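J.: Sequence first, predicted model second:
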Protein chains: 2
Amino acid sequence: MINAAELAAQRREMFVHAAQLAHLPKSLDAAIVAMIEVCGMVDLVVDIRAHAGLVAAIDSALLAGRPVLCDCEMVREGIDPALVGESPVISKLNDPAVPDLARTIGNTRSAAAVDLWGEALDGAIVVVGNAPTALFRLYELLEAGAPRPAAIIGIPVGFVGAAESKALLAEGIADVPYLTVLGRRGGSAMASAAFNAIAGGIVR
Amino acid sequence: MINAAELAAQRREMFVHAAQLAHLPKSLDAAIVAMIEVCGMVDLVVDIRAHAGLVAAIDSALLAGRPVLCDCEMVREGIDPALVGESPVISKLNDPAVPDLARTIGNTRSAAAVDLWGEALDGAIVVVGNAPTALFRLYELLEAGAPRPAAIIGIPVGFVGAAESKALLAEGIADVPYLTVLGRRGGSAMASAAFNAIAGGIVR
(Lines give C-alpha, C1' and ligand atoms only; values in the text may rest on other atoms or scores of the structure.)
Protein backbone atom coordinates (compact mmCIF):
# COMPACT_ATOMS: atom_id res chain seq x y z
CA MET A 1 0.00 0.00 0.00
CA ILE A 2 1.14 3.50 -0.76
CA ASN A 3 1.57 5.71 2.28
CA ALA A 4 0.74 9.37 2.75
CA ALA A 5 4.32 10.55 2.34
CA GLU A 6 4.71 8.68 -0.93
CA LEU A 7 1.41 10.08 -2.15
CA ALA A 8 2.51 13.62 -1.28
CA ALA A 9 5.80 13.11 -3.09
CA GLN A 10 4.00 11.78 -6.18
CA ARG A 11 1.56 14.68 -6.10
CA ARG A 12 4.38 17.17 -5.86
CA GLU A 13 6.20 15.49 -8.75
CA MET A 14 3.12 15.74 -10.95
CA PHE A 15 2.57 19.37 -9.93
CA VAL A 16 6.20 20.25 -10.65
CA HIS A 17 5.84 18.70 -14.09
CA ALA A 18 2.49 20.31 -14.91
CA ALA A 19 3.42 23.74 -13.63
CA GLN A 20 6.97 23.69 -15.06
CA LEU A 21 8.43 24.31 -11.61
CA ALA A 22 11.52 22.12 -12.04
CA HIS A 23 13.88 25.10 -12.25
CA LEU A 24 12.71 26.51 -8.93
CA PRO A 25 13.44 25.63 -5.30
CA LYS A 26 10.68 23.64 -3.60
CA SER A 27 10.71 26.09 -0.70
CA LEU A 28 9.27 28.73 -3.03
CA ASP A 29 6.10 26.86 -4.09
CA ALA A 30 3.83 29.14 -2.06
CA ALA A 31 5.56 32.28 -3.31
CA ILE A 32 5.24 31.15 -6.92
CA VAL A 33 1.54 30.42 -6.53
CA ALA A 34 1.07 33.86 -4.92
CA MET A 35 2.94 35.59 -7.75
CA ILE A 36 0.81 33.82 -10.33
CA GLU A 37 -2.40 34.65 -8.46
CA VAL A 38 -1.53 38.32 -8.23
CA CYS A 39 -0.99 38.69 -11.98
CA GLY A 40 -3.50 36.12 -13.23
CA MET A 41 -0.99 34.48 -15.59
CA VAL A 42 0.08 30.85 -15.08
CA ASP A 43 2.82 31.15 -17.72
CA LEU A 44 4.64 33.58 -15.40
CA VAL A 45 6.37 30.56 -13.89
CA VAL A 46 8.69 30.07 -16.84
CA ASP A 47 10.21 33.51 -16.21
CA ILE A 48 10.70 33.15 -12.46
CA ARG A 49 14.28 32.72 -11.26
CA ALA A 50 15.31 32.21 -7.65
CA HIS A 51 18.21 31.29 -5.43
CA ALA A 52 17.73 28.17 -3.33
CA GLY A 53 18.85 29.99 -0.19
CA LEU A 54 16.22 32.72 -0.36
CA VAL A 55 13.76 31.46 2.26
CA ALA A 56 16.48 30.71 4.81
CA ALA A 57 18.03 34.15 4.25
CA ILE A 58 14.69 35.91 4.74
CA ASP A 59 13.97 33.80 7.82
CA SER A 60 17.29 34.75 9.43
CA ALA A 61 16.89 38.43 8.58
CA LEU A 62 13.39 38.56 10.09
CA LEU A 63 14.56 36.67 13.19
CA ALA A 64 17.28 39.29 13.61
CA GLY A 65 14.75 42.11 13.19
CA ARG A 66 16.57 43.49 10.13
CA PRO A 67 14.56 45.98 8.05
CA VAL A 68 12.48 45.25 4.96
CA LEU A 69 13.56 47.96 2.48
CA CYS A 70 11.00 48.74 -0.25
CA ASP A 71 11.53 50.82 -3.38
CA CYS A 72 8.11 52.47 -3.19
CA GLU A 73 5.05 53.05 -1.06
CA MET A 74 2.93 50.50 -2.93
CA VAL A 75 5.35 47.70 -2.04
CA ARG A 76 5.50 48.89 1.57
CA GLU A 77 1.71 49.03 1.69
CA GLY A 78 1.46 45.51 0.20
CA ILE A 79 3.62 43.87 2.85
CA ASP A 80 1.60 42.33 5.66
CA PRO A 81 2.85 43.88 8.92
CA ALA A 82 1.70 40.78 10.82
CA LEU A 83 4.40 38.74 9.07
CA VAL A 84 7.53 40.78 9.75
CA GLY A 85 7.92 40.45 13.52
CA GLU A 86 10.16 43.22 14.81
CA SER A 87 11.48 44.20 11.38
CA PRO A 88 10.56 47.72 10.27
CA VAL A 89 9.14 48.01 6.73
CA ILE A 90 10.65 51.08 5.10
CA SER A 91 10.27 53.08 1.89
CA LYS A 92 12.37 56.22 1.52
CA LEU A 93 10.77 57.36 -1.75
CA ASN A 94 8.81 60.16 -0.10
CA ASP A 95 11.69 61.26 2.13
CA PRO A 96 12.10 65.05 1.82
CA ALA A 97 15.79 64.59 1.01
CA VAL A 98 15.05 62.54 -2.12
CA PRO A 99 14.37 65.23 -4.77
CA ASP A 100 17.60 67.16 -4.08
CA LEU A 101 19.63 63.96 -3.82
CA ALA A 102 18.21 62.75 -7.14
CA ARG A 103 19.42 65.97 -8.79
CA THR A 104 22.82 65.68 -7.12
CA ILE A 105 23.45 62.12 -8.27
CA GLY A 106 21.77 62.75 -11.64
CA ASN A 107 19.46 59.80 -11.24
CA THR A 108 15.80 59.01 -10.54
CA ARG A 109 14.01 59.60 -7.24
CA SER A 110 13.82 55.82 -6.86
CA ALA A 111 17.61 55.57 -7.13
CA ALA A 112 18.12 58.42 -4.67
CA ALA A 113 15.83 56.67 -2.19
CA VAL A 114 18.16 53.66 -2.30
CA ASP A 115 21.08 55.90 -1.30
CA LEU A 116 19.11 56.79 1.82
CA TRP A 117 18.97 53.16 2.96
CA GLY A 118 22.56 53.60 4.17
CA GLU A 119 23.62 51.26 6.95
CA ALA A 120 20.10 49.82 7.15
CA LEU A 121 21.08 47.77 4.07
CA ASP A 122 23.28 45.57 6.24
CA GLY A 123 21.50 42.21 6.45
CA ALA A 124 18.23 43.71 5.25
CA ILE A 125 15.58 42.23 2.97
CA VAL A 126 15.28 44.39 -0.16
CA VAL A 127 11.94 44.31 -2.01
CA VAL A 128 11.82 46.17 -5.35
CA GLY A 129 8.55 46.09 -7.28
CA ASN A 130 8.55 49.24 -9.32
CA ALA A 131 11.81 50.89 -10.30
CA PRO A 132 14.60 49.27 -12.31
CA THR A 133 16.71 52.30 -11.38
CA ALA A 134 16.45 51.28 -7.71
CA LEU A 135 18.01 47.90 -8.55
CA PHE A 136 20.70 49.42 -10.79
CA ARG A 137 21.59 51.92 -8.03
CA LEU A 138 21.75 49.12 -5.47
CA TYR A 139 24.19 47.18 -7.69
CA GLU A 140 26.36 50.31 -7.96
CA LEU A 141 26.37 50.85 -4.20
CA LEU A 142 27.22 47.18 -3.54
CA GLU A 143 30.03 47.36 -6.08
CA ALA A 144 31.30 50.44 -4.21
CA GLY A 145 31.33 48.56 -0.92
CA ALA A 146 27.92 49.30 0.62
CA PRO A 147 26.70 46.90 3.32
CA ARG A 148 25.28 43.70 1.81
CA PRO A 149 21.59 42.86 2.25
CA ALA A 150 20.52 39.36 3.29
CA ALA A 151 18.22 38.88 0.30
CA ILE A 152 16.73 40.70 -2.68
CA ILE A 153 13.25 40.26 -4.10
CA GLY A 154 13.68 42.28 -7.29
CA ILE A 155 10.67 42.35 -9.61
CA PRO A 156 10.38 45.80 -11.24
CA VAL A 157 8.00 46.02 -14.17
CA GLY A 158 7.97 47.67 -17.56
CA PHE A 159 9.69 48.53 -20.78
CA VAL A 160 12.71 50.60 -19.74
CA GLY A 161 15.44 48.79 -17.83
CA ALA A 162 13.26 46.29 -16.02
CA ALA A 163 14.36 43.21 -17.99
CA GLU A 164 18.02 44.26 -17.83
CA SER A 165 17.94 44.95 -14.09
CA LYS A 166 16.38 41.55 -13.41
CA ALA A 167 18.67 39.61 -15.75
CA LEU A 168 21.63 40.95 -13.78
CA LEU A 169 20.00 39.89 -10.52
CA ALA A 170 19.42 36.36 -11.86
CA GLU A 171 23.06 36.25 -12.95
CA GLY A 172 24.06 36.82 -9.33
CA ILE A 173 25.33 40.39 -9.59
CA ALA A 174 24.41 41.13 -5.97
CA ASP A 175 25.86 37.87 -4.65
CA VAL A 176 22.95 37.33 -2.25
CA PRO A 177 19.87 35.07 -2.41
CA TYR A 178 17.29 36.57 -4.79
CA LEU A 179 13.90 36.14 -6.41
CA THR A 180 13.11 37.72 -9.77
CA VAL A 181 11.02 37.44 -12.94
CA LEU A 182 12.85 37.70 -16.26
CA GLY A 183 11.41 40.07 -18.86
CA ARG A 184 9.01 42.97 -18.52
CA ARG A 185 6.47 41.47 -16.13
CA GLY A 186 6.51 42.19 -12.41
CA GLY A 187 5.27 44.96 -10.17
CA SER A 188 4.65 46.08 -6.63
CA ALA A 189 1.78 43.69 -6.00
CA MET A 190 3.83 40.73 -7.22
CA ALA A 191 6.86 41.69 -5.13
CA SER A 192 4.91 42.16 -1.93
CA ALA A 193 2.83 39.02 -2.53
CA ALA A 194 6.02 36.98 -2.95
CA PHE A 195 7.44 38.42 0.25
CA ASN A 196 4.22 37.75 2.18
CA ALA A 197 4.05 34.14 0.96
CA ILE A 198 7.63 33.50 2.00
CA ALA A 199 7.38 35.26 5.36
CA GLY A 200 3.98 33.72 6.06
CA GLY A 201 5.21 30.22 5.27
CA ILE A 202 8.22 30.23 7.55
CA VAL A 203 7.94 27.55 10.24
CA ARG A 204 10.49 27.77 13.04
CA MET B 1 2.05 70.53 -48.22
CA ILE B 2 0.82 68.52 -45.29
CA ASN B 3 0.18 70.53 -42.13
CA ALA B 4 0.86 69.64 -38.52
CA ALA B 5 -2.74 68.73 -37.75
CA GLU B 6 -2.93 66.36 -40.71
CA LEU B 7 0.37 64.80 -39.69
CA ALA B 8 -0.89 64.31 -36.15
CA ALA B 9 -4.09 62.71 -37.45
CA GLN B 10 -2.12 60.36 -39.70
CA ARG B 11 0.19 59.45 -36.87
CA ARG B 12 -2.74 58.69 -34.59
CA GLU B 13 -4.37 56.57 -37.30
CA MET B 14 -1.20 54.49 -37.68
CA PHE B 15 -0.86 54.16 -33.91
CA VAL B 16 -4.47 53.07 -33.54
CA HIS B 17 -3.92 50.43 -36.21
CA ALA B 18 -0.60 49.17 -34.83
CA ALA B 19 -1.74 49.11 -31.22
CA GLN B 20 -5.22 47.71 -31.97
CA LEU B 21 -6.85 50.67 -30.25
CA ALA B 22 -9.84 50.95 -32.58
CA HIS B 23 -12.29 49.64 -30.00
CA LEU B 24 -11.31 52.27 -27.43
CA PRO B 25 -12.17 55.95 -27.00
CA LYS B 26 -9.43 58.32 -28.15
CA SER B 27 -9.64 60.17 -24.83
CA LEU B 28 -8.18 57.10 -23.14
CA ASP B 29 -4.92 56.86 -25.13
CA ALA B 30 -2.80 58.00 -22.18
CA ALA B 31 -4.56 55.68 -19.77
CA ILE B 32 -4.07 52.72 -22.09
CA VAL B 33 -0.36 53.44 -22.47
CA ALA B 34 -0.06 53.75 -18.68
CA MET B 35 -1.85 50.44 -18.13
CA ILE B 36 0.43 48.71 -20.63
CA GLU B 37 3.53 50.24 -19.07
CA VAL B 38 2.56 49.15 -15.59
CA CYS B 39 2.16 45.50 -16.58
CA GLY B 40 4.77 45.30 -19.33
CA MET B 41 2.42 43.61 -21.80
CA VAL B 42 1.42 45.33 -25.04
CA ASP B 43 -1.21 42.70 -25.80
CA LEU B 44 -3.19 43.94 -22.80
CA VAL B 45 -4.90 46.37 -25.15
CA VAL B 46 -7.08 43.72 -26.74
CA ASP B 47 -8.72 43.05 -23.36
CA ILE B 48 -9.35 46.67 -22.39
CA ARG B 49 -12.96 47.84 -22.52
CA ALA B 50 -14.11 51.37 -21.77
CA HIS B 51 -17.09 53.70 -21.96
CA ALA B 52 -16.61 56.79 -24.13
CA GLY B 53 -17.91 59.05 -21.36
CA LEU B 54 -15.33 57.99 -18.76
CA VAL B 55 -12.96 60.96 -18.91
CA ALA B 56 -15.76 63.53 -18.82
CA ALA B 57 -17.37 61.74 -15.87
CA ILE B 58 -14.11 61.67 -13.91
CA ASP B 59 -13.44 65.31 -14.77
CA SER B 60 -16.86 66.38 -13.43
CA ALA B 61 -16.52 64.30 -10.29
CA LEU B 62 -13.09 65.76 -9.50
CA LEU B 63 -14.33 69.30 -10.21
CA ALA B 64 -17.14 68.69 -7.73
CA GLY B 65 -14.67 67.36 -5.14
CA ARG B 66 -16.40 63.98 -5.00
CA PRO B 67 -14.38 61.20 -3.33
CA VAL B 68 -12.16 58.62 -5.01
CA LEU B 69 -13.21 55.32 -3.40
CA CYS B 70 -10.57 52.57 -3.53
CA ASP B 71 -11.03 48.89 -2.71
CA CYS B 72 -7.67 48.57 -0.97
CA GLU B 73 -4.70 50.44 0.44
CA MET B 74 -2.45 49.67 -2.52
CA VAL B 75 -4.82 51.42 -4.92
CA ARG B 76 -5.15 54.36 -2.54
CA GLU B 77 -1.38 54.55 -2.22
CA GLY B 78 -0.97 54.40 -6.01
CA ILE B 79 -3.20 57.39 -6.70
CA ASP B 80 -1.25 60.62 -7.07
CA PRO B 81 -2.68 63.09 -4.51
CA ALA B 82 -1.51 65.99 -6.69
CA LEU B 83 -4.08 65.00 -9.34
CA VAL B 84 -7.28 64.83 -7.31
CA GLY B 85 -7.83 68.45 -6.30
CA GLU B 86 -10.18 68.63 -3.33
CA SER B 87 -11.38 65.04 -3.69
CA PRO B 88 -10.53 62.77 -0.76
CA VAL B 89 -8.97 59.40 -1.66
CA ILE B 90 -10.49 56.75 0.57
CA SER B 91 -10.04 53.06 1.31
CA LYS B 92 -12.21 51.54 4.04
CA LEU B 93 -10.52 48.12 4.00
CA ASN B 94 -8.69 48.73 7.28
CA ASP B 95 -11.69 50.34 8.98
CA PRO B 96 -12.17 48.68 12.40
CA ALA B 97 -15.83 47.97 11.54
CA VAL B 98 -14.91 45.81 8.55
CA PRO B 99 -14.19 42.39 10.15
CA ASP B 100 -17.50 42.28 12.07
CA LEU B 101 -19.44 43.59 9.09
CA ALA B 102 -17.87 40.95 6.84
CA ARG B 103 -19.07 38.24 9.21
CA THR B 104 -22.54 39.80 9.42
CA ILE B 105 -23.05 39.97 5.64
CA GLY B 106 -21.25 36.65 5.11
CA ASN B 107 -18.87 38.12 2.59
CA THR B 108 -15.22 39.17 2.24
CA ARG B 109 -13.58 42.09 4.01
CA SER B 110 -13.31 43.80 0.63
CA ALA B 111 -17.08 43.53 0.15
CA ALA B 112 -17.77 44.79 3.67
CA ALA B 113 -15.54 47.80 3.00
CA VAL B 114 -17.77 48.70 0.04
CA ASP B 115 -20.78 48.76 2.38
CA LEU B 116 -18.97 51.42 4.41
CA TRP B 117 -18.76 53.77 1.41
CA GLY B 118 -22.43 54.63 2.12
CA GLU B 119 -23.53 58.04 0.88
CA ALA B 120 -19.97 58.83 -0.28
CA LEU B 121 -20.78 56.65 -3.32
CA ASP B 122 -23.00 59.41 -4.69
CA GLY B 123 -21.14 60.85 -7.69
CA ALA B 124 -17.86 59.28 -6.56
CA ILE B 125 -15.09 57.75 -8.65
CA VAL B 126 -14.72 54.07 -7.73
CA VAL B 127 -11.31 52.46 -8.32
CA VAL B 128 -11.11 48.68 -7.76
CA GLY B 129 -7.76 47.00 -8.40
CA ASN B 130 -7.77 43.99 -6.16
CA ALA B 131 -11.03 42.39 -5.10
CA PRO B 132 -13.70 40.99 -7.44
CA THR B 133 -15.92 40.73 -4.36
CA ALA B 134 -15.77 44.53 -4.02
CA LEU B 135 -17.22 44.91 -7.53
CA PHE B 136 -19.85 42.20 -6.99
CA ARG B 137 -20.93 43.87 -3.74
CA LEU B 138 -21.10 47.25 -5.46
CA TYR B 139 -23.40 45.79 -8.14
CA GLU B 140 -25.65 44.36 -5.39
CA LEU B 141 -25.83 47.69 -3.57
CA LEU B 142 -26.60 49.59 -6.79
CA GLU B 143 -29.32 47.07 -7.63
CA ALA B 144 -30.75 47.68 -4.15
CA GLY B 145 -30.85 51.44 -4.74
CA ALA B 146 -27.51 52.69 -3.37
CA PRO B 147 -26.33 56.12 -4.61
CA ARG B 148 -24.78 55.87 -8.07
CA PRO B 149 -21.08 56.68 -8.56
CA ALA B 150 -19.97 58.92 -11.42
CA ALA B 151 -17.53 56.36 -12.85
CA ILE B 152 -15.98 52.98 -12.13
CA ILE B 153 -12.42 51.90 -12.90
CA GLY B 154 -12.78 48.20 -12.16
CA ILE B 155 -9.69 46.09 -12.78
CA PRO B 156 -9.44 43.35 -10.13
CA VAL B 157 -6.94 40.59 -10.88
CA GLY B 158 -6.82 36.85 -10.51
CA PHE B 159 -8.42 33.48 -10.92
CA VAL B 160 -11.54 33.63 -8.75
CA GLY B 161 -14.29 35.97 -9.87
CA ALA B 162 -12.12 38.63 -11.49
CA ALA B 163 -13.07 37.83 -15.10
CA GLU B 164 -16.74 37.50 -14.20
CA SER B 165 -16.84 40.77 -12.24
CA LYS B 166 -15.21 42.65 -15.12
CA ALA B 167 -17.35 41.09 -17.85
CA LEU B 168 -20.42 42.37 -16.01
CA LEU B 169 -18.90 45.84 -15.80
CA ALA B 170 -18.18 45.84 -19.54
CA GLU B 171 -21.77 44.77 -20.18
CA GLY B 172 -22.93 47.94 -18.41
CA ILE B 173 -24.28 46.38 -15.21
CA ALA B 174 -23.53 49.52 -13.19
CA ASP B 175 -24.94 51.87 -15.84
CA VAL B 176 -22.11 54.40 -15.38
CA PRO B 177 -18.95 55.13 -17.43
CA TYR B 178 -16.34 52.46 -16.76
CA LEU B 179 -12.87 51.19 -17.60
CA THR B 180 -11.98 47.52 -17.28
CA VAL B 181 -9.76 44.70 -18.57
CA LEU B 182 -11.47 41.45 -19.56
CA GLY B 183 -9.99 38.23 -18.23
CA ARG B 184 -7.68 37.58 -15.30
CA ARG B 185 -5.20 40.41 -15.74
CA GLY B 186 -5.41 43.63 -13.76
CA GLY B 187 -4.34 44.78 -10.34
CA SER B 188 -3.90 47.71 -8.01
CA ALA B 189 -1.00 49.23 -9.92
CA MET B 190 -2.92 49.08 -13.20
CA ALA B 191 -6.05 50.60 -11.69
CA SER B 192 -4.25 53.49 -10.02
CA ALA B 193 -2.05 54.10 -13.10
CA ALA B 194 -5.16 54.35 -15.28
CA PHE B 195 -6.75 56.79 -12.86
CA ASN B 196 -3.59 58.91 -12.69
CA ALA B 197 -3.27 59.05 -16.47
CA ILE B 198 -6.88 60.15 -16.86
CA ALA B 199 -6.82 62.69 -14.00
CA GLY B 200 -3.40 63.98 -15.08
CA GLY B 201 -4.51 64.44 -18.67
CA ILE B 202 -7.61 66.49 -17.96
CA VAL B 203 -7.36 69.97 -19.49
CA ARG B 204 -10.03 72.42 -18.41
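T.: Cool, got the structure. If you're wondering where the values come from, they're calculated on a predicted model, not measured in any experiment. Residues are numbered from 1 along each chain as shown, chains lettered A, B, ... in the order given.
J.: Three-state assignment for the residue nearest in space to the middle of chain A, please.
T.: Geometric centre of chain A, nearest residue: A:I153, 1.1 Å, by C-alpha atoms, centre = their mean. Three-state assignment for A:I153 (DSSP: H, G, I helix; E, B strand; the rest coil): strand.
J.: Contacts only, for it.
T.: Under the criterion of C-beta atoms under 8 Å, 6 or more residues apart in numbering or on different chains, the contact partners of A:I153 comprise A:I125, A:V126, A:V127, A:V128, A:Y178, A:L179, A:T180, A:A191, A:A194, A:F195. Just so you know, the C-beta spots here come from the backbone N, C-alpha and C atoms, and that holds for glycine as well.
J.: and with 7 Å instead?
T.: With contact taken as C-beta atoms under 7 Å, 6 or more residues apart in numbering or on different chains, A:I153 is in contact with A:V126, A:V127, A:L179, A:A191, A:A194, A:F195.
J.: Distance of it relative to chain B?
T.: 16 Å (C-beta to the nearest C-beta, to the nearest Å).
J.: Show me what that residue is bridged to.
T.: A:V127, A:L179 (DSSP bridges).
J.: any idea how far A:C70 is from it?
T.: 10 Å (C-beta to C-beta, to the nearest Å).
J.: residues shared between the contacts of these two?
T.: In contact with both A:I153 and A:C70: A:V127, using C-beta under 7 Å, 6+ apart.
J.: Can you say which helix or strand has A:A8 in it?
T.: Element membership for A:A8 (DSSP states H and E) is helix A:4-18.
J.: Report the buried residues of the next helix or strand after that helix.
T.: Downstream of helix A:4-18, the next assigned helix or strand under DSSP H and E is helix A:29-39. By neighbour count on 16 or more other C-beta atoms under 10 Å in any protein chain shown, the buried set for helix A:29-39 is A:D29, A:A31, A:I32, A:V33, A:A34, A:M35, A:I36, A:E37, A:V38, A:C39.
J.: what's the neighbour count on the closest residue to A:D29 other than its chain neighbours?
T.: Spatial nearest neighbour of A:D29, chain neighbours left out: A:L21 (7.2 Å); criterion: C-beta to C-beta, 6 or more residues apart in numbering or on different chains. Residue neighbour count, defined by other C-beta atoms under 10 Å in any protein chain shown, stands at 19 for A:L21.
J.: Please apply the same query to A:A8.
T.: Neighbours of A:A8 using other C-beta under 10 Å come to 10.
J.: and it, what pLDDT?
T.: On pLDDT, A:A8 comes in at 72.
J.: swap in A:G65?
T.: 98.
J.: For it, which non-adjacent residue is closest in space?
T.: A:E86 (3.9 Å).
J.: is it true that the one you found lies in a helix?
T.: No: if the criterion is three-state DSSP, then A:E86 is coil and not within a helix.
J.: Chain A: strands as residue ranges?
T.: Counting by DSSP state E, chain A has strands at residues A:48-50, A:68-70, A:89-91, A:125-128, A:151-154, A:178-181.
J.: Close to chain B: what parts of chain A are there?
T.: Contact residues, chain A versus chain B (C-beta under 7 Å from any C-beta of the partner chain): A:37-41, A:73-74, A:77-78, A:157-159, A:162, A:184-189.
J.: Report the buried members of these.
T.: Those of these that meet the buried threshold are A:37-41, A:73-74, A:77-78, A:157-158, A:162, A:184-189, by 16+ other C-beta under 10 Å.
J.: residues near A:A19, how many?
T.: The number of residues packed near A:A19 is 16, by other C-beta under 10 Å.
J.: Let me see the contact set for it.
T.: Listed by C-beta under 7 Å, 6+ apart, the contact set of A:A19 reads A:V45.
J.: before we move on, what about A:Y139?
T.: Per C-beta under 7 Å, 6+ apart, neighbours of A:Y139: A:L168, A:I173, A:A174.
J.: Chain B: which of those residues is nearest?
T.: When the contacts of A:Y139 are ranked by distance to chain B (C-beta to the nearest C-beta), A:L168 comes first, at 17.1 Å.
J.: Not counting sequence-adjacent ones, nearest residue to that closest one?
T.: A:Y139 is the one closest to A:L168 (C-beta to C-beta, 6+ apart), at 6.5 Å.
J.: Likewise for A:R184?
T.: Spatial nearest neighbour of A:R184, excluding adjacent residues (C-beta to C-beta, 6+ apart): B:G40 at 2.9 Å.
J.: any idea how far that neighbour lies from A:V114?
T.: Look at B:G40 and A:V114: by C-beta to C-beta, they are 21 Å apart.
J.: any weak-confidence spans in chain A?
T.: Applying pLDDT under 70 to chain A picks out residues A:1-2, A:12, A:15-16, A:18.
J.: now do 90
T.: The model of chain A has pLDDT under 90 over residues A:1-24, A:26, A:29, A:33, A:37, A:40-43, A:159-160, A:203-204.
J.: returning to what we had before: how much distance is there from the helix holding A:A8 to the middle of the chain?
T.: 27 Å (C-alpha atoms, centre = their mean, to the nearest Å).
J.: what's the answer for stretch A:77-94, then?
T.: 13 Å.
J.: what's the span of it from first residue to last?
T.: Using C-alpha to C-alpha, to the nearest Å, one end of stretch A:77-94 lies 13 Å from the other.
J.: Now it: buried residues?
T.: A:E77, A:G78, A:I79, A:L83, A:V84, A:S87, A:V89, A:I90, A:S91, A:K92, A:L93.
J.: Return the member of the residues you listed nearest to chain B.
T.: The closest of the buried residues of stretch A:77-94 to chain B turns out to be A:E77 (C-beta to the nearest C-beta; 4.5 Å).
J.: Contact partners for that closest one?
T.: Residues in contact with A:E77 (C-beta under 7 Å, 6+ apart) are B:E73, B:M74, B:E77.
J.: one more time with 8 Å, if that's ok
T.: The neighbourhood of A:E77, defined by C-beta under 8 Å, 6+ apart, consists of A:S192, B:E73, B:M74, B:E77.
J.: Distance to A:R103 for these - can I get that in a markdown table?
T.: What follows is the contacts of A:E77, written out as a markdown table (distance: C-beta to C-beta, whole Å):
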| residue | distance to A:R103 |
| --- | --- |
| A:S192 | 29 |
| B:E73 | 30 |
| B:M74 | 29 |
| B:E77 | 25 |
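J.: I am finished for the moment; much appreciated.
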